[in-house]
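# Using only what follows, build the 3D model:
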Amino acid sequence: MTTITDRPLVATNDPSFSATHRRLGRLGTVAGAALITTGGFLILRAAGADFTITDPGQGKPPHTFVAPEIAMVTVFFGVLGWLTLAGLERWTRRPRKIWGSTALVVVLLSLVPIWIEVATTQTRFSLAVVHIVVGLTLVPLLRFGRTDPPAPKDA
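As a prediction, the model looks like this:
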(Lines give C-alpha, C1' and ligand atoms only; values in the text may rest on other atoms or scores of the structure.)
Protein backbone atom coordinates (compact mmCIF):
# COMPACT_ATOMS: atom_id res chain seq x y z
CA MET A 1 0.00 0.00 0.00
CA THR A 2 1.30 3.45 -0.93
CA THR A 3 0.73 6.46 1.30
CA ILE A 4 1.01 10.07 0.31
CA THR A 5 2.43 12.49 2.82
CA ASP A 6 2.69 16.25 2.77
CA ARG A 7 6.45 16.23 3.30
CA PRO A 8 8.51 18.65 1.20
CA LEU A 9 10.27 17.32 -1.89
CA VAL A 10 13.57 18.79 -0.69
CA ALA A 11 14.88 17.65 2.66
CA THR A 12 14.79 20.51 5.13
CA ASN A 13 18.17 19.56 6.53
CA ASP A 14 19.75 20.06 3.10
CA PRO A 15 22.24 22.90 3.71
CA SER A 16 22.20 24.08 0.09
CA PHE A 17 18.42 24.59 0.18
CA SER A 18 18.60 26.42 3.48
CA ALA A 19 21.51 28.65 2.47
CA THR A 20 19.95 29.49 -0.91
CA HIS A 21 16.58 30.21 0.65
CA ARG A 22 18.20 32.40 3.32
CA ARG A 23 20.23 34.35 0.73
CA LEU A 24 17.22 34.96 -1.49
CA GLY A 25 15.15 36.12 1.47
CA ARG A 26 17.85 38.52 2.61
CA LEU A 27 18.44 39.77 -0.92
CA GLY A 28 14.72 40.49 -1.16
CA THR A 29 14.86 42.30 2.18
CA VAL A 30 17.70 44.57 1.04
CA ALA A 31 16.03 45.26 -2.32
CA GLY A 32 12.68 45.90 -0.63
CA ALA A 33 14.29 48.27 1.86
CA ALA A 34 15.86 50.22 -1.00
CA LEU A 35 12.50 50.50 -2.78
CA ILE A 36 10.59 51.49 0.37
CA THR A 37 13.21 54.03 1.41
CA THR A 38 13.42 55.56 -2.06
CA GLY A 39 9.63 55.74 -2.22
CA GLY A 40 9.54 57.47 1.15
CA PHE A 41 12.24 59.87 -0.01
CA LEU A 42 10.23 60.73 -3.14
CA ILE A 43 7.07 61.30 -1.10
CA LEU A 44 8.91 63.59 1.33
CA ARG A 45 10.53 65.38 -1.60
CA ALA A 46 7.12 65.93 -3.19
CA ALA A 47 5.88 67.25 0.17
CA GLY A 48 8.51 69.99 -0.01
CA ALA A 49 11.68 68.73 1.68
CA ASP A 50 14.69 69.93 -0.32
CA PHE A 51 17.16 67.38 1.14
CA THR A 52 20.00 69.92 0.91
CA ILE A 53 22.69 69.82 3.58
CA THR A 54 25.92 71.73 4.17
CA ASP A 55 28.89 70.62 6.26
CA PRO A 56 29.39 73.26 8.94
CA GLY A 57 32.69 75.12 8.79
CA GLN A 58 34.08 73.14 5.85
CA GLY A 59 33.55 75.71 3.10
CA LYS A 60 32.09 72.98 0.89
CA PRO A 61 29.16 73.67 -1.40
CA PRO A 62 25.75 72.37 -0.27
CA HIS A 63 24.82 68.82 -1.24
CA THR A 64 21.32 67.84 -2.34
CA PHE A 65 20.41 64.17 -2.05
CA VAL A 66 18.76 62.45 -5.04
CA ALA A 67 16.71 59.24 -5.22
CA PRO A 68 19.41 56.97 -6.76
CA GLU A 69 21.82 58.05 -4.03
CA ILE A 70 19.27 57.13 -1.34
CA ALA A 71 18.74 53.72 -2.95
CA MET A 72 22.48 53.01 -3.28
CA VAL A 73 23.23 53.99 0.33
CA THR A 74 20.34 51.81 1.54
CA VAL A 75 21.64 48.85 -0.48
CA PHE A 76 25.20 49.44 0.77
CA PHE A 77 24.18 49.44 4.43
CA GLY A 78 21.70 46.61 3.87
CA VAL A 79 24.41 44.39 2.40
CA LEU A 80 26.81 45.44 5.16
CA GLY A 81 24.21 44.46 7.76
CA TRP A 82 23.52 41.19 5.95
CA LEU A 83 27.22 40.30 5.87
CA THR A 84 27.60 41.19 9.53
CA LEU A 85 24.63 38.97 10.45
CA ALA A 86 25.99 36.12 8.31
CA GLY A 87 29.38 36.38 10.06
CA LEU A 88 27.74 36.42 13.47
CA GLU A 89 25.63 33.38 12.53
CA ARG A 90 28.78 31.55 11.61
CA TRP A 91 30.95 32.48 14.59
CA THR A 92 28.74 33.28 17.59
CA ARG A 93 26.15 31.51 19.73
CA ARG A 94 23.46 34.22 19.70
CA PRO A 95 23.89 35.97 16.37
CA ARG A 96 20.43 37.50 16.04
CA LYS A 97 20.49 38.98 19.53
CA ILE A 98 23.97 40.48 19.00
CA TRP A 99 23.09 41.70 15.53
CA GLY A 100 19.77 43.21 16.61
CA SER A 101 21.40 45.18 19.41
CA THR A 102 24.24 46.33 17.17
CA ALA A 103 21.87 47.30 14.35
CA LEU A 104 19.70 49.32 16.71
CA VAL A 105 22.75 51.25 17.95
CA VAL A 106 23.87 51.88 14.35
CA VAL A 107 20.43 53.23 13.40
CA LEU A 108 20.41 55.55 16.42
CA LEU A 109 23.96 56.73 15.70
CA SER A 110 23.02 57.39 12.08
CA LEU A 111 20.64 60.10 13.33
CA VAL A 112 23.44 62.12 14.96
CA PRO A 113 24.92 63.69 11.78
CA ILE A 114 21.48 64.94 10.76
CA TRP A 115 21.59 67.42 13.63
CA ILE A 116 25.22 68.41 12.98
CA GLU A 117 24.73 69.35 9.33
CA VAL A 118 23.35 72.72 8.31
CA ALA A 119 19.87 72.08 6.91
CA THR A 120 16.29 73.25 7.17
CA THR A 121 14.10 71.75 9.87
CA GLN A 122 12.01 70.02 7.21
CA THR A 123 15.13 68.47 5.64
CA ARG A 124 16.39 67.30 9.04
CA PHE A 125 13.02 65.79 9.90
CA SER A 126 12.78 64.14 6.46
CA LEU A 127 16.30 62.70 6.70
CA ALA A 128 15.48 61.34 10.15
CA VAL A 129 12.35 59.71 8.73
CA VAL A 130 14.39 58.13 5.91
CA HIS A 131 16.96 56.76 8.41
CA ILE A 132 14.21 55.36 10.63
CA VAL A 133 12.44 53.76 7.65
CA VAL A 134 15.70 52.03 6.70
CA GLY A 135 16.04 50.76 10.27
CA LEU A 136 12.41 49.68 10.55
CA THR A 137 12.72 47.78 7.29
CA LEU A 138 16.15 46.17 7.58
CA VAL A 139 16.51 45.42 11.28
CA PRO A 140 13.44 43.25 11.90
CA LEU A 141 13.36 41.63 8.46
CA LEU A 142 17.03 40.63 8.46
CA ARG A 143 16.88 39.58 12.10
CA PHE A 144 13.55 37.77 12.22
CA GLY A 145 12.67 37.27 8.55
CA ARG A 146 11.47 33.85 7.48
CA THR A 147 14.80 32.68 6.08
CA ASP A 148 14.72 29.01 7.05
CA PRO A 149 12.83 26.34 5.11
CA PRO A 150 9.61 25.09 6.66
CA ALA A 151 9.94 22.16 9.04
CA PRO A 152 8.55 18.84 7.80
CA LYS A 153 5.11 17.93 9.04
CA ASP A 154 4.61 14.60 10.70
CA ALA A 155 2.46 12.15 8.80
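
# Now the closest residue to L138 other than its chain neighbours: which helix or strand?
Nearest residue to L138, sequence neighbours excluded (Cβ to Cβ, 6 or more residues apart in numbering): A33, at 5.0 Å. No exception for glycine: its C-beta is placed from N, CA and C like everyone else's. Assigned by DSSP states H and E, A33 belongs to helix 15-46.

# V133 is in contact with L35, isn't it?
No - taking contacts as Cβ atoms under 8 Å, V133 lies outside contact range of L35: 11.0 Å.

# After the lowest-mean-pLDDT helix or strand in the chain, which helix or strand is next?
Here the helix or strand of the chain ranked lowest by mean pLDDT, DSSP states H and E is helix 15-46, holding a mean of 88. Moving toward the C-terminus from helix 15-46, the next helix or strand (DSSP H and E) is strand 52-53.

# Nearest the geometric middle of the chain, what residue?
L138 (2.6 Å; Cα atoms, centre = their mean).

# quick one: pLDDT of that residue?
On pLDDT, L138 comes in at 91.

# who does the least confident helix or strand of the chain touch, helix- and strand-wise?
helix 67-91, helix 121-144 (3 or more Cβ pairs under 8 Å, 6 or more residues apart in numbering; DSSP states H and E).

# Switch the ones you listed over to JSON lines; also include distance to L42.
Shown next, in JSON lines, are the helices and strands packed on helix 15-46 (distance: least, Cβ to Cβ, whole Å):
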{"stretch": "helix 67-91", "distance to L42": "6"}
{"stretch": "helix 121-144", "distance to L42": "11"}
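
# among those, which is nearest A47?
Closest approach to A47 among the helices and strands packed on helix 15-46 is made by helix 121-144 (8.0 Å; Cβ to Cβ).
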